[in-house]
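Undergrad: Have a look; sequence and predicted model below, questions after that.
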Amino acid sequence: MSIIEKFRLDNKVVLITGGGGLLGKSYAQAIHEVGGIPIIADLANTNIAQTAKIIGPQADSMEMDVSDKQSIKVGFEYVATKYGRLDGLINNAAYNAPATSKNSPNFVEFEDFPYEVWQRSLDVDLSGAFLCAQEASVLFKRQKSGVAVNISSTYGNVAPDQRIYRTLTNENNPSQRFVKPVSYSTTKGAMINFTKYLAVYWAPFGARANCLTLGGVFDNQDSGFVEQYKERTPLNRMAHKDEYAATMVYLLSEASSYMTGSNLVIDGGWTAW
């Protein structure tokens, strides 16, 4: 097999949770381009069927709520029935509370952070990944193959630099500062060790698990925030939305066949200083 062929995903079935989002779409497009079958899983209001149609004929979609165990079970049954296998799982779904709206829970100090937001983050970001991995594990064991890629963040490796958010203002109370929430760092940090657990557990069955830790992606954020982020990053910019897609293909493909339990950091150098 040539080097280029190792990166192919011909007819490999890959389920992407949160697939209707900015990065989920990018992963799906890349998987499709190298011959794979991306299954875009997301909530009902994310236009996933249209997204799949735009990506191409092999792309598929299904409604799935990763905070709902039964919804996950139904989703994986759909995959098993239609395709008979699952070659890859991308645990990409995440709950992001609104950043700058007047109702945002991010304009509170840690001491006042709402428990319900904390719990929602755990349900989606962490428990959702756990439940999906459980369902994938059944198929991976049976096949004696499979790859999971869990998504973490710079703030899963280091604490948030709260200084870069100082230009964000609360519509109701301009004196209240924005605080990057504790739930985000907690769930993203947990994903790294969750990945190591899966890698060791799955190794005897020929399946792998790795973590992809991402820096911030430009998505028309507040200009003041973007400037602060650039100043804090050695490459002096945020990531473009398609800059992680090739790495995702690598992690899902035979090109990374000896890689498991690893945390691959792509953050523009943020954690290098």
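TA: Done, it's in.
Undergrad: show me where the protein has strands.
TA: With DSSP state E applied, the chain shows strands at 13-17, 37-42, 60-63, 88-91, 146-153, 207-214, 263-266, listed in chain order.
Undergrad: mind giving me a markdown table with those strands and columns for mean neighbour count?
TA: Placement of C-beta: from N, CA and C, glycine included. Formatted as a markdown table, the strands of the chain follow (neighbours: other C-beta atoms under 10 Å):
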| stretch | mean neighbour count |
| --- | --- |
| strand 13-17 | 27 |
| strand 37-42 | 28 |
| strand 60-63 | 20 |
| strand 88-91 | 30 |
| strand 146-153 | 26 |
| strand 207-214 | 25 |
| strand 263-266 | 18 |
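Undergrad: Next one: the residue sitting nearest the centre point of the chain from residue 150, what distance?
TA: Among the residues of the chain, the one closest to the centroid is residue 92, at 2.4 Å (C-alpha atoms, centre = their mean). Applying C-beta to C-beta, to the nearest Å, the value for residue 92 to residue 150 is 9 Å.
Undergrad: One more: residue 187?
TA: 11 Å.
Undergrad: Please identify every residue contacting each of these two.
TA: Common neighbours of residue 187 and residue 150, counting by C-beta atoms under 8 Å, 6 or more residues apart in numbering, are absent.
Undergrad: Could you list the low-pLDDT ranges of the protein?
TA: Scanning the chain for pLDDT under 70 picks out the ranges 97-103.
Undergrad: need the longest helix for it.
TA: helix 182-202 (DSSP state H).
Undergrad: which residues sit against it?
TA: 91, 94, 96, 110, 113, 117-118, 121-122, 125-126, 129-130, 133, 137, 140, 146, 148, 150-153, 155-157, 159-160, 208-211, 213, 260-263.
Undergrad: in that helix, what's buried?
TA: Using 16 or more other C-beta atoms under 10 Å as the test for burial, helix 182-202 gives 183-192, 194-196, 198-199, 202.
Undergrad: Out of those residues, which comes closest to residue 3?
TA: Within the buried residues of helix 182-202, the smallest distance to residue 3 is 24.2 Å, found for residue 199 (C-beta to C-beta).
Undergrad: Identify the residue spatially nearest to the closest one, adjacent ones excluded.
TA: Excluding the flanking residues, the one nearest residue 199 by C-beta to C-beta, 6 or more residues apart in numbering is residue 261, at 3.3 Å.
Undergrad: isn't the one you found right up against residue 209?
TA: Yes - here residue 261 reaches residue 209: they are 6.8 Å apart, a contact under C-beta atoms under 8 Å.
Undergrad: Can you name the residues bridging to residue 15?
TA: residue 39, residue 89 (DSSP bridges).
Undergrad: My read is that it contacts residue 41, right?
TA: Yes - here residue 15 lies in contact with residue 41, judged by C-beta under 8 Å, at a distance of 5.9 Å.
Undergrad: Now for the two: what residues contact both?
TA: What both residue 15 and residue 41 touch, as defined by C-beta under 8 Å, 6+ apart, is the set residue 75.
Undergrad: Give the phi and psi angles for the nearest residue to residue 206 once chain neighbours are set aside, as a check.
TA: Nearest non-adjacent residue to residue 206, counting by C-beta to C-beta, 6+ apart: residue 144, 4.3 Å away. As for residue 144, its main-chain torsions (degrees, to the nearest 10) stand at phi 60, psi 40.
Undergrad: Please determine how far residue 190 is located from residue 67.
TA: Distance from residue 190 to residue 67, counting by C-beta to C-beta: 16 Å.
Undergrad: residues contacting the residue nearest to residue 199?
TA: Contacts of residue 261 (C-beta under 8 Å, 6+ apart): 195, 196, 199, 200, 209, 210.
Undergrad: Turn those into TSV, columns for distance to residue 239.
TA: Shown next, in TSV, are these (distance: C-beta to C-beta, whole Å):
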residue	distance to residue 239
195	21
196	25
199	25
200	30
209	23
210	19
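Undergrad: For the residues you listed, which two are the farthest from each other?
TA: 200 and 210 (12.4 Å).
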